[in-house]
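Q: here is the input, now give the coordinates:
(chains A, B, C and D)
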2 protein chains.
Amino acid sequence: MTLDFYNKNKKIHLAVDCIIFGFNKEELEILLIQRDFEPEKGKWSLMGGFVEENESPDDAAQRVLKSLTGLDHIYMEQFAVFGAPDREPYERVVSLCYFALINTEILSTEYKARWFALDQCPPLIFDHNEMVTQAHNKLKKKAALYPILFELLSDKFTIPQITLLYEAIYQNQLDKRNFTRKLLASKLLIKLDEKDKENSKKGAYYYKVDKSIYKEKIMTFLNFLPGWYGE
Amino acid sequence: MTLDFYNKNKKIHLAVDCIIFGFNKEELEILLIQRDFEPEKGKWSLMGGFVEENESPDDAAQRVLKSLTGLDHIYMEQFAVFGAPDREPYERVVSLCYFALINTEILSTEYKARWFALDQCPPLIFDHNEMVTQAHNKLKKKAALYPILFELLSDKFTIPQITLLYEAIYQNQLDKRNFTRKLLASKLLIKLDEKDKENSKKGAYYYKVDKSIYKEKIMTFLNFLPGWYGE
DNA sequence: AAAAATAAGTGTTAATTTGACACTAAATAA
DNA sequence: TTATTTAGTGTCAAATTAACACTTATTTTT
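A: You can find the predicted model right below:
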C-alpha cells in the first residue's frame, strides 16, 4: 500500500547524538571522540550516528554509543532535537540528542573516546558545543529535582562522594551539614557497614539506594539544593 | 559534494504532532481534528504534518498548527519523540511532539478543529492517545515549576480564574487562601482597577503579569503547589 | 427596602523546613 | 604521642508551609 500522502513528503536523514557526562570524585567531564572518518575527519565530536531502518531512536542511541565507546545499557534521556535545515553543511540531518551521567571509571580504555573536563571542552563539529551546553543545563535541572544521580553513581557510594558530584554539576559549594541532612531526610539511602577507606583516613560509610521505596519517594527530593533550581 | 557517509543512510519521514491544551474558566480541554484525508480518514487525531525540506521542526510545528487551526504564534514546546519503527502501519514516520496551553476562546470557528474535555478524549489514530498522556504529564510538571501558565491565560485574569486553571491541570482542589498567598508572594502580579463581573456578583479584580521582573523571578515559583509535583 | 444568595477576599497559628553556623570523632602518618 | 586529615554531627533563629472559617461586596429575590 503506497499512499500519496507519504509519497509527497521528502524524507530526511535522522541521527542521534550522545552527550555523556562523567564524574569521578572531582569534576564533571564529558566524553568525546576524534572522528576517524569523513566528513570532518580528525575533529572532535559527540558520539553520533544515523537511525537505521528498523530501530527506534532510543535503540539507535544505545547502538551508536556502544559501537563508539563500548558502553552498554547506559540509561540515556532524549532531551532535545537539533533540526535547523543548514546545521550540517553537507546534507540535511536532524539530530535527536540524548544525555547521561556515568562514572568515568566504567569506560574501557580499548576505545578511542576520551574524557575532557567540561570547562576545557574543545571546539566540536557542527552545533555540538551548543548541544553540550543544553545538556548541561538539563542535567542541572534534573539533579535539582530528582535523585537520579544516585542511579548514575555506582551502586554504592559515600556521602562525601555524592556531595562532590552535586558540587561539580552546579560548580558551587554546598554546606556539608545541610546537604547531608536533606539527603538522609529523603529516607532513600540505606547505610552499609562497609567503609570507603581510599579517600580518607577515617573512612566514609557507603550507602545504597533503597529501591523499594525509590519510586514513590522520588518526589520528596524537590528543593534539593538551597536556592539552586537550574536554568 | 556527495559523501558516502550520508549515502549509506536511509532517510526517514519526519513529522510533527501538536498537542494543544485549552482552558476556559472550568476544565482542561484538548484540541483535535477529524481527518478529511487518507490514511485514517474520518478518525480523530492530533494536528500533525511532515517536516518540509527547508524548515526546522519548530517551524514545521507552527506551520502545521496554523494550517489546521488558524492558530498563529503559539509558543509550543517540543517534549518527546515517537519513533518506534512500526508506529504507523503504512510507512515509517518519526514524530516530534509539541505541546502548548492556550485559552480556548482564541480558536476561530472557521476551522474544523474541535475541543474535547480531556477526560472525554476519543480514541485517536496511531499512538496519539499516548502522546496526549505524556503531554499532560509534562504540563503538570511545568505548571508546578514555572509560572508559564500566566502567559497562557489572556493578558489579564482574576485569581479565581488562575486557581481554577491549576485545579483543572492537577484535577484536584486547592486551598484558596494558601494558593492566593503564594501567588501574591511571587510579586509577579500587578493588580488592576478593573473587575471581572461576569462570574460573580461581587466581581473579582483583574491582575496582569509584571513582565519587568518576570525573568528574574521565574524561579521563585518552585514549590508552587502543596505536595503536587507532577508525574 | 429588606433579606437572601453568591462568590471574593482575607488572618492566625502551629508545625515544619530552611540555612547559617563550628566543633568532635576516627584513623593513619609522622 | 602527636599531628594531620577528612567524616560526621547539633542548635537555633527565620522562613515557609498547611490547616483552618468568617466577613465583604454585590446582585437577585421577595
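Q: how far off centre is stretch A:95-113?
A: Mean-position distance between stretch A:95-113 and its chain equals 8 Å (Cα atoms, centre = their mean, to the nearest Å).
Q: what about that stretch, how long is it end to end?
A: End-to-end distance for stretch A:95-113, by Cα to Cα, to the nearest Å: 20 Å.
Q: so which bits of it are buried?
A: A:95-104, A:107, A:111, A:113 (16 or more other Cβ atoms under 10 Å in any protein chain shown). In this view, the C-beta of every residue, glycine as well, is placed from N, C-alpha and C.
Q: mind telling me what element the residue lying closest to A:Phe82 once chain neighbours are set aside is part of?
A: Excluding its sequence neighbours, the residue lying closest to A:Phe82 (Cβ to Cβ, 6 or more residues apart in numbering or on different chains) is A:Ser95, at 4.6 Å. In the assignment (DSSP states H and E), A:Ser95 maps to strand A:93-103.
Q: starting at the chain centroid, how far to that strand?
A: On Cα atoms, centre = their mean, the centre of strand A:93-103 falls 7 Å from that of its chain.
Q: partner strands of that strand and their direction?
A: strand A:13-23 (parallel), strand A:77-82 (antiparallel) (DSSP bridges).
Q: quick one: closest of the ones you listed to DNA strand C.
A: Proximity to DNA strand C (Cβ to the nearest atom of the strand) singles out strand A:13-23 among the strands paired with strand A:93-103, at 22.6 Å.
Q: following that closest one, which helix or strand shows up next?
A: Counting by DSSP H and E, what follows strand A:13-23 is strand A:28-34.
Q: so who does A:Ile20 touch?
A: Taking Cβ atoms under 8 Å, 6 or more residues apart in numbering or on different chains as the criterion, A:Ile20 is in contact with A:30-31, A:47, A:65, A:69, A:71, A:74, A:99-102.
Q: tell me which of those is nearest to B:Ser200?
A: Set against B:Ser200, the nearest of those by Cβ to Cβ is A:Phe99 (48.6 Å).
Q: surely the closest one is in contact with A:Cys18?
A: Yes. Using Cβ atoms under 8 Å, A:Phe99 is in contact with A:Cys18, at 7.4 Å.
Q: now do the shared contacts for those two.
A: With Cβ under 8 Å, 6+ apart, A:Phe99 and A:Cys18 have common neighbours A:Met76.
Q: show me the shaky parts of chain A.
A: A:1, A:144-154, A:213-231 (pLDDT under 70).
Q: centre-most residue in it?
A: The centroid of chain A falls nearest to A:Ala100 when counting by Cα atoms, centre = their mean (2.0 Å).
Q: need the contact list for it.
A: A:18-21, A:74-77, A:152.
Q: which one of these sits in the busiest neighbourhood?
A: A:Ile19 (27 neighbours; other Cβ atoms under 10 Å in any protein chain shown).
Q: list the residues that contact it.
A: A:30, A:46, A:97-100, A:131-132, A:135.
Q: what is the burial count for A:Leu3?
A: 12.
Q: let me know whether A:Phe126 touches A:Asp86 as I believe.
A: No. Between A:Phe126 and A:Asp86 there is no contact under Cβ under 8 Å: 10.2 Å.
Q: any residues in contact with both of the two?
A: By Cβ under 8 Å, 6+ apart, no residue touches both A:Phe126 and A:Asp86.
Q: looking at those two, which one has more neighbours?
A: A:Phe126 (21 against 8).
Q: which ones are touching the more buried one?
A: A:Phe126 touches A:40, A:45, A:87-88, counting by Cβ under 8 Å, 6+ apart.
Q: among the buried residues of stretch A:95-113, which one sits closest to B:Lys140?
A: Distances from B:Lys140 to the buried residues of stretch A:95-113, taken by Cβ to Cβ, are shortest for A:Phe99, at 22.8 Å.
Q: good, we can wrap up now.
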